[in-house]
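*Asks:* predicted structure and sequence below. I'll ask about it afterward.
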There are 2 protein chains.
Amino acid sequence: MKQENSDQLLKRIHSYIENLSYMREPEGLYDPIEYVLGLGGKRLRPVLMLLAYNLYKEDVERIFPQAAGIETYHNFTLLHDDLMDNADMRRGKPTVHKKWDENTAILSGDAMLILAYQFMMQDCPTGYMKEVMDVFGRTALEVCEGQQWDMEFETRTDVTVDEYIEMIRLKTSVLLSGALKIGAILGGASAEDARLLYDFGIKMGLAFQLQDDYLDVYGDPAVFGKKIGGDILCNKKTFMLITAFAHAGEEDRKKLQAWIEAKDFVPSEKIEAVTSIYDKVGIAGLCREKIDAYYEEGLRLLDEVSVEPALKENLRDFVCGLMNRKL
Amino acid sequence: MKQENSDQLLKRIHSYIENLSYMREPEGLYDPIEYVLGLGGKRLRPVLMLLAYNLYKEDVERIFPQAAGIETYHNFTLLHDDLMDNADMRRGKPTVHKKWDENTAILSGDAMLILAYQFMMQDCPTGYMKEVMDVFGRTALEVCEGQQWDMEFETRTDVTVDEYIEMIRLKTSVLLSGALKIGAILGGASAEDARLLYDFGIKMGLAFQLQDDYLDVYGDPAVFGKKIGGDILCNKKTFMLITAFAHAGEEDRKKLQAWIEAKDFVPSEKIEAVTSIYDKVGIAGLCREKIDAYYEEGLRLLDEVSVEPALKENLRDFVCGLMNRKL
């Protein structure tokens, strides 16, 4: 079977998304949507969908509308999340509520969510429509649930590791999984394969998010692309902070608590102090173990998918690349 | 064929909506949705959907999920519109962003829009699914377009009557029409009947909104249920204000302009002054003519629907009741 690798698929879906024709009046509603979709990004979710489809079928262009739908949904969540977080910048450009205003961000976001559904249904084979829309709808709702937990955790001090993992499962993993599952369904995969690919996506999403948290503390700023220590500065209850609290001695726990409650501080000092407690507790190692465990579980699930191992190479390579792993 | 009148249908769908089971964790996400759906209201759109379905089929309970879907969508728009308009109250209760906060209003609204799609697809017969979802998606997008025009008109001074009519068609009419058309499609109506019912809804929606504008100036506060003069106070570019500008003499036009630009004024004085210009120009009569014209056009479209005239009585009675008309 003819397959394309992730670079080829990315190029094609990126160009498809750039040339989407949903623009119409009023421009005040559609301009911000075009702006957000034009900011680019890795197009991770559509590429995953195409890779999953390509395990079973060659004509990937058949599902470009659905791939555009999942990307539109993802970008809708970024638009509204940035508004809720009052973030100024996204991908190096002003966010919609900064470039326009809050009402524009609300309403254009709503229209974008509806457009995501439109794309998802466009040319969707009748026989798969219900199943695809079920996966998409459930996933979309779960992403909202993840965002709600994330916001609630900001003011809570008793978040457990299990709660944190469930939050990132909802906020990050299920959309990757949903993309893979929809691609598999449209490719005609068995229910078992669709489930395995979904579960593979969950594990990889957890590994991916935990790695993102890890790099926020221990990453190379030049490579990571974000400032280091952002999560520490805003007291984000990551796996690392929760675990540090659980493993630190009495004195370090008090220090950590003081830094969390501190109102006036020099950012670099807080980052350094918290990181040094992380180091003492060995958080880096604990976090890497957790990442590796999810990553390995994910790969085992992919192994079970009932297509020729050679056909899984593109998907495997893509995910390994995301994790910066060599095979 | 066994039919139910609008009161019977309202009672059944109201009870169905009250007993919907979509609640799950996190409560912070779903509580506001339950709150908004529990505020009641006339359930106009679901009743229209059921009445349209009932022109063709008896088992109205088959489409309760779709009827709940259109009501959920409508209530989602109220939730986000109230946030954008910074409205404090809705149906005598605090709005979601007042009772909770703005982020809750954004995110619970998003989840509500997704839930509306879930209900719309629930138990939808496969053969009608694509058509139903097409109507729903297009309608949902048009309602956003109407809201965008409405917001843009606030800062414009050159809005024409045609533009105003197009805005209320999008913001108000299409959802009534969409409800009727989806009911017709699910009832197995011909494409021509579905179109006629859609167009009937458009005309009735325009008549209904113009009457609402009319009552905002000339209504009996005890009956109308809202304070009189609200549109005048916020310079809303209604058919009446636009027409008054077009028909007033030089002097009255200047007076009207001065009231629109006035920053400090006694509300009752502004209402009285603008109303007296309306009276001089004969706006009440012009507005009633326009309402009657749309209303009559609507009834003629309903006459063309190819079911026994006796079967159309419930739908006709319901719409006449909304317009406070005797047949």
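*Replies:* Sure, I can see it. Predicted model, so just to flag it, every value in this text is computed and none were measured. Numbering: from 1, shown residues only, chains lettered A, B, ... in the order given.
*Asks:* what is the burial count for A:E308?
*Replies:* 10 (other CB atoms under 10 Å in any protein chain shown). In this view, the C-beta of every residue, glycine as well, is placed from N, C-alpha and C.
*Asks:* for it, give its distance to A:M1.
*Replies:* When distance is defined by CB to CB, to the nearest Å, A:E308 is 9 Å away from A:M1.
*Asks:* equivalent analysis for A:Y56, please.
*Replies:* Per CB to CB, A:Y56 is found 8 Å from A:M1.
*Asks:* following the helix or strand containing A:N75, which helix or strand shows up next?
*Replies:* Assigned by DSSP states H and E, A:N75 falls within helix A:64-85. Using DSSP H and E, the helix or strand that follows helix A:64-85 in sequence is strand A:89-90.
*Asks:* which one's more surrounded, A:Y56 and A:M1?
*Replies:* Neighbours per residue (other CB under 10 Å) separate A:Y56 from A:M1, with A:Y56 holding more: 18 against 11.
*Asks:* can you check the pLDDT for the closest residue to that one other than its chain neighbours?
*Replies:* Using CB to CB, 6 or more residues apart in numbering or on different chains and skipping residues adjacent in sequence, the residue nearest A:Y56 is A:G187, 3.3 Å away. The per-residue pLDDT reported for A:G187 equals 98.
*Asks:* neighbours around A:G187, how many?
*Replies:* By the criterion of other CB under 10 Å, A:G187 has 25 neighbours.
*Asks:* ok, now which ones touch it?
*Replies:* Residues near A:G187 by CB atoms under 8 Å, 6 or more residues apart in numbering or on different chains: A:52-57.
*Asks:* list the contacts of the lowest-mean-pLDDT helix or strand in chain A.
*Replies:* Lowest mean confidence among the helices and strands of chain A (mean pLDDT, DSSP states H and E): helix A:221-224, at a mean of 75. Outside helix A:221-224, the residues that touch it by CB under 8 Å, 6+ apart are A:215-216, A:227-228.
*Asks:* in it, what's buried?
*Replies:* Neighbour-count burial for helix A:221-224, counted by 16 or more other CB atoms under 10 Å in any protein chain shown, picks out no residue.
*Asks:* the closest residue to A:E102 other than its chain neighbours: what's it in contact with?
*Replies:* In this structure, A:E102 finds its nearest non-sequential neighbour in A:L83, 6.5 Å apart by CB to CB, 6+ apart. With contact set as CB under 8 Å, 6+ apart, A:L83 has these partners: A:95-97, A:102, A:105-106, A:109, B:106.
*Asks:* which among those residues end up buried?
*Replies:* A:95-97, A:102, A:105-106, A:109, B:106.
*Asks:* which one of those is nearest to A:Q147?
*Replies:* Nearest to A:Q147 among the buried ones among the contacts of A:L83, counting by CB to CB, is B:I106 at 9.7 Å.
*Asks:* quick check, pLDDT for the closest one.
*Replies:* So, for B:I106, pLDDT stands at 98.
*Asks:* ok so it is a strand residue?
*Replies:* No - assigned with DSSP: H, G, I helix; E, B strand; the rest coil, B:I106 falls outside any strand and is helix.
*Asks:* isn't it right up against A:I106?
*Replies:* Yes - contact criterion CB atoms under 8 Å: B:I106 and A:I106 qualify, at 6.3 Å.
*Asks:* joint contacts of the two?
*Replies:* Counting by CB under 8 Å, 6+ apart, the common neighbours of B:I106 and A:I106 are A:80, A:83, B:80, B:83.
*Asks:* so how far is B:K98 from the first one?
*Replies:* Put plainly, it is A:H80. Per CB to CB, A:H80 is found 20 Å from B:K98.
*Asks:* alright, calling it a day.
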